[in-house]
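>>> I would like to see how this sequence folds:
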Amino acid sequence: MIAAATLEVRSAIVYATLIIVLVFVPLFVLPGIEGRLFTPLGVAYIVSILASMIVSVTLTPVMAYYLLPRMQQLHAGDSPLVIWLKRVDARLLHWSFARARGLLIGALLLVLVVAASVPFFPRSFLPPFNEGTLTVNVLLNPGTALSESNRIGTLAEQLVAQVPEVTKVGRRTGRAELDEHAEGVHYTEMDVDLKASDRGRAEIIADIRQRLATLPAASNVGQPISHRLDHLLSGVRAQIALKIYGDDLDTLRGLAAELRARLAQIPGVTDLQIEKQVLIPQVKIHLDYEQAARYGVAPGNLLRSLEQMIEGERITEIVEGNRRFDLLVRLPESARSPQALADLLIETPTGHVPLSKVASVEESDGPNQVSRENSRRRIVLSANTDGRDMSQVIADIRSALAAKPLPDGYFTALEGQFQAQEEAARLISLLATISLTMIFMVLYSRYRSAVLTLIIMGNIPLALVGSVIALWISGQPLSVAALVGFITLTGIATRNGILKISHYINLCAFEGETFGQHMIVRGSLERLTPVLMTALVAAFALLPLLLSADAPGKEVLHPVAVVIFGGLISSTLLDSLLTPLMFSLWGKPALQRLLAAHDSESF
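Numbering: from 1, shown residues only. A predicted model of the protein is given here:
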């Protein structure tokens, strides 16, 4: 008996597992950050589901053989709760057969309404993180003295420390030259630790921004991991990066200032700042090649010597215990002024002459840096959002850019997390279409009927109804994490349809039933308990993720849990009613063909 029961469900379990594996194929093709985050989830899920399948057809029958005979309630029948559920389900099915077409049309309208609401979701690349720590950047103009930058940084530190939720503030001003993210002394970065409070994270960040607005500096407030992700995606530590490309630096700075004024009018845009490409005092030495030739001076040697004397040259290393210092030789500070350099004596074949004889030395303004990308000069306008839907902010920015074209030879590129979200959504949609096609082919190879295959796959939109409603209720944006939840749910929803349709076929093939309402009701009731048990077990497993939405480290998986939980509810409820109705309306011809050609193997 146990062997026969195992063989009856073996085929359905194997095909359901294969389909679940197929729906996870898109995760392994995701590039970039999203691939790094969700590919391990796909690997873990596939390995777990394959192990579960192997245990269910090998170890479970053996354990049943030894343990079931010892059960005192083996022949006690269903529990009172199951009896009540089956009675309600039977009444509902008998009531629905006469109203099948109306119920199916209503379900179709429900699916269409829910699908029409998807474009109105707020969009994001990943769910908002709650890291418990903030990163605050304070930028002064390049060339600011270290003492002044340290003074402003101290004021910023004190202002941030006054926020009630702040427990600790750490600050560093400037970054070393060999640092991975080298910065000048005009740049200050603070790490701010927060404690839990009644105020939300967005409210705390707004409070910090308001306090820092009194300083004569540009500020940017974010979170450590979020900043790193932004930097990986666009090269800028902000959610939005508007890059302006062109040839002339002055024109680029003018365009950046003009666009900054236009973007400042857009609701939701905050921390708006222009990349610090400014004019700073510089000493410029222009070599007169004719005069140099007249004095017999080699230009290359002269420029190299000047570089060594002005910038310095490392000649050795000094060791003091465990400490090591580079010994640098250069001109003293007093000898590096424009007038002192002009009087600097240089060696020539005819004797020493002042540098002013072969070069002009002047003090003027010049750019502190020249940034290039894709062989073009560029300047960056960066910004964050204050909580407004990112997709709406981006739409407004694009409208503002389109309203006034740039001069010939100049163009913009809008980058950031939204770009990664759009690309990931397009790729997942394409791969999901391929995955659904593969699921159709697998089901068709088993049932040899497009009708039965479509009835089983009809569970997918029924599951998406609950998922979309759950996302609206929870207030989650439509992120890559939510899309991964939809992918996971597709396999789970299809499995329920496979188990139910296969049981209908087996009842007719091996237990003498004939097609009709009695057979469909019997098959549905016999599969009611397994379907409810699998749904409840999955729902209970998701509860820790559902109840800890703001817990640090669980933000990425919370939308996945919301989508699956909502889909399990709608799929289980609607499948119990609509799959029997669809089979009663359109399943008879396909069932008769299968019975005419079937062998001894169960479906």
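
>>> next one: S149 from T135, what distance?
Look at S149 and T135: by C-beta to C-beta, to the nearest Å, they are 18 Å apart. All C-beta spots, glycine's among them, are computed from the backbone N, C-alpha and C.

>>> actually L159, sorry about that
The value you get for L159 to T135, if C-beta to C-beta is used, is 16 Å.

>>> same check on A450?
The value you get for A450 to T135, if C-beta to C-beta is used, is 55 Å.

>>> what residues of the helix or strand containing V563 count as buried?
Counting by DSSP states H and E, the element that carries V563 is helix 557-586. For helix 557-586, a neighbour-count test (16 or more other C-beta atoms under 10 Å) marks 557-572, 574-584 as buried.

>>> now the next helix or strand along the chain from it: buried residues?
The C-terminal neighbour of helix 557-586 among helices and strands, as given by DSSP H and E, is helix 588-597. Neighbour-count burial for helix 588-597 flags A590, L591, L594 (criterion: 16+ other C-beta under 10 Å).

>>> how about CSV for those, with distance to I46 and pLDDT added?
Below are the buried residues of helix 588-597 laid out as CSV (distance: C-beta to C-beta, whole Å; pLDDT from 0 to 100):
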residue, distance to I46, pLDDT
A590, 30, 86
L591, 32, 87
L594, 30, 84
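
>>> any idea which of those residues is closest to F121?
Comparing the buried residues of helix 588-597 against F121 with C-beta to C-beta places A590 closest, at 37.3 Å.

>>> phi first, then psi, for the closest residue to the closest one other than its chain neighbours.
Counting by C-beta to C-beta, 6 or more residues apart in numbering, A590 lies nearest to S449, which is 3.7 Å off, once chain neighbours are set aside. Per-residue torsions, S449: phi -150, psi 120 (degrees, to the nearest 10).

>>> pLDDT value on S449, please?
pLDDT, S449: 88.

>>> would you agree it is in contact with R593?
Yes. S449 lies in contact with R593 (C-beta atoms under 8 Å); the separation is 6.9 Å.

>>> buried residues in the lowest-mean-pLDDT helix or strand in the chain?
Least confident helix or strand of the chain, by mean pLDDT, DSSP states H and E, is helix 224-234 with a mean of 74. Neighbour counts over helix 224-234 (16+ other C-beta under 10 Å) mark S226, H227, L229, D230, L233, S234 as buried.

>>> touching that helix from outside, list them.
32-33, 125-126, 129, 131, 133, 135, 191, 222, 236-239, 241, 415-417, 419-420 (C-beta atoms under 8 Å, 6 or more residues apart in numbering).

>>> ok, 6 Å please
F129, E131, T133, T135, R237, A238, Q239, A241, E415, G416, A420 (C-beta atoms under 6 Å, 6 or more residues apart in numbering).

>>> so which pair among these is furthest apart in space?
Pairwise over the contacts of helix 224-234, using C-beta to C-beta, the maximum falls at T133 and E415, 25.3 Å.

>>> in terms of neighbours, single out the busier of these two.
E415 (18 against 15; other C-beta atoms under 10 Å).

>>> in a strand, that's where the more buried one is, yeah?
Yes. E415: assigned to a strand according to DSSP: H, G, I helix; E, B strand; the rest coil.

>>> for it, list each beta-bridge partner.
A241 (DSSP bridges).

>>> against V21, how distant is it?
In terms of C-beta to C-beta, E415 sits 35 Å off from V21.

>>> same check on V563?
Taken as C-beta to C-beta, the span from V563 to V21 is 19 Å.

>>> before we move on, the earlier item: more neighbours: which of S149 and T135?
Per other C-beta under 10 Å, whichever of S149 and T135 has more neighbours is S149, with 22 against 19.

>>> test my guess that the more buried one contacts G174.
No. Counting by C-beta atoms under 6 Å, S149 sits too far from G174 to count as a contact (7.4 Å).

>>> which neighbours do the two have in common?
V185.

>>> pick out the residue closest to the middle of the protein.
The chain has L126 as the residue nearest its centroid, 3.2 Å off, counting by C-alpha atoms, centre = their mean.

>>> ok, it - contacts?
Applying C-beta under 6 Å, 6+ apart to L126 gives the contacts S479.

>>> which of the helices or strands spans it?
Short version: L126 belongs to no helix or strand, going by DSSP H and E.

>>> domain assignment for this protein?
2-120+448-597, 133-279+381-417, 283-367 (automatic domain parsing).

>>> tell me the mean pLDDT over the helix or strand where R304 lies?
Assigned by DSSP H and E, R304 falls within helix 299-311. Across helix 299-311, pLDDT averages out at 85.

>>> how about the nearest residue to A482, chain neighbours excluded?
Per C-beta to C-beta, 6+ apart, closest to A482 is P559, 4.4 Å.

>>> show me what contacts that neighbour?
P127, Q476, S479, A481, A482.

>>> one more: S197?
E165.

>>> number of nearby residues for S449?
19.

>>> helices of the stretch 1-150 of the chain, start to end?
Taking DSSP state H, counting those that start in this stretch as the test, the helices found in the stretch 1-150 of the chain are 2-23, 32-57, 59-67, 80-97, 100-117, 146-161.

>>> ditto for the stretch 401-550 of the chain
Going by DSSP H, counting those that start in this stretch, the stretch 401-550 of the chain shows helices at 417-447, 450-457, 459-474, 480-510, 517-546.

>>> what about V221, distance to V192?
In terms of C-beta to C-beta, V221 sits 9 Å off from V192.

>>> overlap of the contact sets of those two?
What both V221 and V192 touch, as defined by C-beta under 6 Å, 6+ apart, is the set V136.
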